[in-house]
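**Q** Next input, structure requested:
(one chain, ligands or ions: 2)
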Amino acid sequence: MPSLSEAFKGHPVYLHNSLLDFNSTRAVPDSHAWAPLNDYPSGDSLNVGTVPVIDLTDCHVLNHVGHACETWGVFQIINHGIPMRLLYEVESQSRRLFMLPTQQKLKAAREPEGIAGYGLARISSFFSKLMWSEGFTIVGSPAEHARKLWPHDYQQFGDIMEEYEKEMKKVARRLMCMLLAYLGITKEEVKWAGSKLEFKNMSAALQLNSYPACPDPKRAMGLAEHTDSPLLTILYQSNISGLQVLRDGWVTVPPLPGALVVNVGDLLHVLSNGRFRSALHRAVVNHTHHRLSVAYLWGPPAHIRLSPFSKLVTADRPPLYRSVTWNEYLGIKAKCFNMALSSILLHPPLKQQFEIDDHNTKCEG
Ligand code: OGA
Ligand code: NI
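**A** Numbering: from 1, shown residues only. Ligands and ions are numbered 1, 2, ... in the order given. The predicted structure follows:
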């Protein structure tokens, strides 16, 4: 999505001094030491429910996904049609990438104001402590990224990631069509999606996350709490838990073999006029196990202006958000982070009335 490359101008994230060799670190250094997590998962299940697991071949699937988006904003899908083989290949290629020596990974380092490449989580700039993770963001051709890491052996990584992106694109479209049907939105209301809801020219990215084992996981944070910006995120996680979503407390989204986690993003929250919730989530780290995840971020074409569907706007429920493009919204997010959604609220006083889950109230400056 080259047209999105402007979004982070003025919001750089520097790698300098902040790279830690996680594998040889025996204690959490001050730079990475967060206030102790008193809610680190202990294995006891808290009485706050479990994230829905939805079988995509279930005949009531439409209601299940719609309801999950209204209540949790996150759910797991099974029987989605992505072969297990491909999931394992993606995991093993990601592992291969993160196992490279730091100097090698830095050959594909993300520019401070860029989107793609190797680096710290972009949200790092909002926190005084660093996170216990590394990321690699793929935008455009995966082989081009891989060429920087393995100049003579990039084909395999490229082919697998490309195949995965193709499959993800299909699942994302399928989910979106279900959600539109659930909301009663016809294709006339989403002209940008094409006459057959093809969803061409969408802006997608693949975010690989690596969470090394950590000597003191209660004092570290893998990925601090945030919501995802696009329409939908589809996440594969390796067989180690760490992803948590905020409900009445933090609820772990347990890894299930072959399942994928789907998240409502901020832009779908806006389109649905707040009916679907963009869920706050985070990733905690593990004492003994290295954890990997691969997130497919699926957003609209960069310059399409999105506003709440008019069908979901009524006298009782006026439009909650002003219109934005994906490009604009990424810029707002880069500046306001978890206050981005509330910063585009049209009627701040309505916030409480609708219990809008936007976590903060105002973005200054
Ligand atoms: C993300 C994310 C969670 C995880 O990449 O946006 O929330 O479990 N990842 O890695
Ligand atoms: Ni996320």
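**Q** Do I have it right that L320 meets S272?
**A** No. Using C-beta atoms under 8 Å, L320 makes no contact with S272, being 9.7 Å away. Glycine gets a C-beta too; all of them are placed from N, C-alpha and C.
**Q** Given the helix or strand hosting A224, what are its sheet partners and their directions?
**A** Element membership of A224 [criterion: DSSP states H and E] is strand 223-226. Here strand 223-226 is paired, per DSSP bridges, with strand 281-283 (antiparallel).
**Q** Helix or strand next in line after the strand it pairs with, which one?
**A** Using DSSP H and E, the helix or strand that follows strand 281-283 in sequence is strand 291-299.
**Q** quick check, that following strand touching ligand 1?
**A** Yes. Against ligand 1, strand 291-299 shows contacts by C-beta under 6 Å from any ligand atom at S293, A295.
**Q** buried stuff in that strand?
**A** By neighbour count on 16 or more other C-beta atoms under 10 Å, the buried set for strand 291-299 is R291, L292, S293, V294, A295, Y296, L297, W298, G299.
**Q** and the second one, what does it touch?
**A** Just to be clear, that refers to L292. Counting by C-beta atoms under 8 Å, 6 or more residues apart in numbering, L292 touches E91, S94, R95, F98, L208, N209, S210, Y211, Q237, S238.
**Q** what about the residue lying closest to it once chain neighbours are set aside, distance to R96?
**A** Spatial nearest neighbour of L292, chain neighbours left out: S238 (4.3 Å); criterion: C-beta to C-beta, 6 or more residues apart in numbering. Note on S238: its distance to R96, by C-beta to C-beta, to the nearest Å, is 13 Å.
**Q** Those two: which is more packed in?
**A** Applying other C-beta atoms under 10 Å to S238 and R96 shows that S238 carries more neighbours, namely 22 against 14.
**Q** coming back round to it: in helices, which of the contacts of L292 fall?
**A** Among the contacts of L292, the members falling in helices are E91, S94, R95, F98 (criterion: DSSP state H).
**Q** From ligand 1, how far out is the first one?
**A** In this case it means E91. As judged by C-beta to the nearest ligand atom, to the nearest Å, E91 and ligand 1 stand 12 Å apart.
**Q** just the third one next, same as before
**A** Distance, R95 to ligand 1, using C-beta to the nearest ligand atom: 14 Å.
**Q** Quick one: residues contacting that residue.
**A** L292.
**Q** what about C336, how many residues close to it?
**A** Neighbours of C336 (other C-beta under 10 Å): 19.
**Q** my bad, Q104
**A** Count around Q104 with other C-beta under 10 Å applied: 14.
**Q** How about the one 10 residues further on?
**A** By other C-beta under 10 Å, 17 other residues sit near G114.
**Q** in stretch 29-43, what's buried?
**A** Going by neighbour count (16+ other C-beta under 10 Å), the buried part of stretch 29-43 is H32, W34, L37, P41.
**Q** what pairs with the helix or strand harbouring N263, and is each one parallel or antiparallel?
**A** Per DSSP H and E: N263 is located in strand 260-264. Take DSSP bridges as the rule and strand 260-264 pairs in its sheet with strand 74-78 (antiparallel), strand 232-237 (antiparallel).
**Q** I'd like to know which of these is closest to P151.
**A** P151 sits nearest to strand 232-237 of all those, at 27.4 Å, using C-beta to C-beta.
**Q** CA atoms only for whichever helix or strand comes after the closest one, dumped as PDB, please.
**A** Downstream of strand 232-237, the first helix or strand assigned by DSSP H and E is strand 243-246. Extracted in PDB, the C-alpha atoms of strand 243-246 (Å, rounded to 0.1, in the frame of the first residue of the first chain):
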ATOM      1  CA  LEU A 243      -3.200 -13.000  23.300                       C
ATOM      2  CA  GLN A 244      -5.700 -11.400  25.700                       C
ATOM      3  CA  VAL A 245      -8.800  -9.400  25.000                       C
ATOM      4  CA  LEU A 246     -10.400  -6.900  27.500                       C
END
